[in-house]
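Asks: fold the following, please.
(2 chains)
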Number of protein chains: 2
Amino acid sequence: MSTYSTVETQTVRADNGVDYAYRSLGSGAGAPPLVLLQHFRGNLDNWDPALIDALAHGRRVITFDNTGVGATSGRTPNTVAAMAGDAIEFIDALGLDKVDLLGFSLGSFVAQEIALHRPDLVNRIVLASAAPRGAAGIHGWRRDVIEGVGGREPSPEGYLHAFVPATPEGLAAGQALLGRIYGERTEGHDDPTTWQTRQAQYDAVIEWGIPNHALLERLQGIAQPVFVANGDSDPMIPPRYSYLLAGLLPDVQIKIYPDAAHGFLFQHHKEFAADVNKFLGK
Amino acid sequence: MSTYSTVETQTVRADNGVDYAYRSLGSGAGAPPLVLLQHFRGNLDNWDPALIDALAHGRRVITFDNTGVGATSGRTPNTVAAMAGDAIEFIDALGLDKVDLLGFSLGSFVAQEIALHRPDLVNRIVLASAAPRGAAGIHGWRRDVIEGVGGREPSPEGYLHAFVPATPEGLAAGQALLGRIYGERTEGHDDPTTWQTRQAQYDAVIEWGIPNHALLERLQGIAQPVFVANGDSDPMIPPRYSYLLAGLLPDVQIKIYPDAAHGFLFQHHKEFAADVNKFLGK
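Replies: Numbers count the residues shown, from 1 in each chain, chains lettered A, B, ... in the order given. As a prediction, the model looks like this:
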């Protein structure tokens, strides 16, 4: 059986003319496929293979590079709404009529837009390290965080600064995570993300964070069951935004993982996968 | 030393001409007095004496009947803002320039209004079983809940339906609570609350719950540190409203108590008093 570190990358041409790179792992009769939406500057290789393998028991899990990201063709758009439109094009190209979504960070923004603009396509939603559009106080991320992950040549240290807490347990988990992400796959790597992708995605993040209290009301339009999850010491998207989602989404569960930061879902991959599998049903 | 079951009821006439009935327990040099704001139809006798005794170590704790409630003179007003104005009159009458507030249920609404309208008076705020004004979905409470606590002749069963969960532990805790509230004080009881108070307070609760997303933004005007606490299965004010408070208040901590309902602060009085004492500092 394949694992996420050995499964090959495939390509599908969508109706918008974009060739999407994606990976598909697992299968499950009756369960909607779970489509994953990636974080700022991440490509197919930036998903923790331990998490994907744990999610792909009894269901199909699909990761993909959105337009302009990694090995996917085209130019990365600079709004979350355009990214959501491109993700819908990809899902349509696979011939899927109903999917579950798991959006992580920027991907959680895209998941919300997909649910608002194509509700019939979406069964259940997992929002990891998420924030709603227009929430006060998140415009552009903290300086130390964007300096850590936003430079021309991002470093593992900057990544870990946002992804794991600076505790002995957190730093050890971070080293193990780097080993899984950069060490397990030995061939068929994805293309690196470009500076154009970085600039366009950060523009989208900035626009998402322009304070606009009225836009928070849009969450009432997401009728699907949602599982909101966050690390308790996430410096990039603090848990207050998960609480805000839990206060405004009509049908929602929330869990805050202790001693964890932006990458809580990788650090606590066993616990998080079990929680997601329970939420999605299997 | 006095306890809440033996401390006598005092009266103070405020500048608005109202004679306020109140009880004061404990003292603490340097610590602001903690003023408690009571729930729907509650009077001085409806505070759990075990909780008040635990809070009154190292600080002064003050309970009072607001205008028209119990032994206090006047007519109960029918808006939360007017109740907050009356509470400020009482605090002014005691000569207090800075207080901590603990508002429970309807009292949590009053606490928010006090903080918004007289911010200099307020040091720290505890909101128990709370909701912000205008939050969607809370307009008027669930039918079974208001039927339980809102009748002409309210019963212990209706009270317990809202205050403790229908689990063996919850029901046992409820019986113990009734024993403390109705059994411990042997003399000097408060006057019962009237139907006029019931009608005016429910009018105020209804008005507070009229859905108005824009009003949620008012929470950004409460700069004080706030501790938001709730029972996980509160049928009267579900925890989603605590999450909403935690997502919008600028400086906030949140705790959801397991296997607990509207009266979590009485059911878990030891744990809650310890959490409040830690939050307020002593």
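Asks: CA only for contacts and neighbour counts going forward, please
Replies: Noted.
Asks: quick one, what contacts the spatially most central residue of chain A?
Replies: Geometric centre of chain A, nearest residue: A:F104, 2.5 Å, by C-alpha atoms, centre = their mean. Residues in contact with A:F104 (C-alpha atoms under 8 Å, 6 or more residues apart in numbering or on different chains) are A:L36, A:L37, A:Q38, A:H39, A:L127, A:A128, A:S129, A:A130.
Asks: confirm A:R152 sits in a helix?
Replies: No: checked against DSSP: H, G, I helix; E, B strand; the rest coil, A:R152 lies outside a helix; its state is coil.
Asks: and it, how far is that from chain B?
Replies: 33 Å (C-alpha to the nearest C-alpha, to the nearest Å).
Asks: what about that residue, neighbour count?
Replies: Using other C-alpha atoms under 10 Å in any protein chain shown, the number of residues around A:R152 comes to 10.
Asks: from A:R41, how far out is it?
Replies: Distance, A:R152 to A:R41, using C-alpha to C-alpha, to the nearest Å: 11 Å.
Asks: quick one: the helices in the stretch 1-150 of chain A?
Replies: Under the criterion DSSP state H, counting those that start in this stretch, the stretch 1-150 of chain A contains helices at A:49-55, A:80-93, A:106-117, A:143-149.
Asks: so of the ones you listed, which one's packed in deepest?
Replies: Highest mean neighbour count among the helices of the stretch 1-150 of chain A (mean count of other C-alpha atoms under 10 Å in any protein chain shown): helix A:106-117, with a mean of 24.
Asks: outside of that one itself, list whatever touches it.
Replies: By C-alpha under 8 Å, 6+ apart, helix A:106-117 touches A:36-40, A:80-81, A:83-85, A:87-88, A:101-103, A:121-122, A:125-133, A:205, A:221-222.
Asks: mind giving me the ChimeraX select for these, buried ones only?
Replies: Here is the ChimeraX command that selects the buried residues among these (16 or more other C-alpha atoms under 10 Å in any protein chain shown):
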select /A:36,37,38,39,40,80,81,83,84,85,87,88,101,102,103,121,122,125,126,127,128,129,130,131,132,133,205,222
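Asks: what does the stretch 101-250 of chain A put close to chain B?
Replies: Residues of the stretch 101-250 of chain A lying close to chain B (C-alpha under 8 Å from any C-alpha of the partner chain) are A:H213, A:A214, A:E217, A:R240, A:Y241, A:S242, A:Y243, A:L244, A:L245, A:A246, A:G247, A:L248.
Asks: of those residues, buried ones?
Replies: By 16+ other C-alpha under 10 Å, these give A:H213, A:E217, A:R240, A:Y241, A:S242, A:Y243, A:L244, A:L245, A:A246, A:G247, A:L248 as buried.
Asks: out of the helices of the stretch 1-150 of chain A, which gets nearest to B:P235?
Replies: Proximity to B:P235 (C-alpha to C-alpha) singles out helix A:106-117 among those, at 28.4 Å.
Asks: now the angle between helix A:80-93 and that closest one, please.
Replies: Interaxial angle, helix A:106-117 versus helix A:80-93 (axes from the mean of the first three to the mean of the last three C-alpha atoms, to 10 degrees): 80 degrees.
Asks: helix A:106-117 - what's its average pLDDT?
Replies: For helix A:106-117, the mean per-residue pLDDT is 98.
Asks: check the burial of A:R60 by counting its neighbours.
Replies: Here the number of neighbours of A:R60 (other C-alpha under 10 Å) works out to 19.
Asks: just to revisit the earlier point, for the buried ones among the residues of the stretch 101-250 of chain A next to chain B, which one is nearest B:V69?
Replies: If you rank those by distance to B:V69 using C-alpha to C-alpha, A:G247 comes first, at 32.1 Å.
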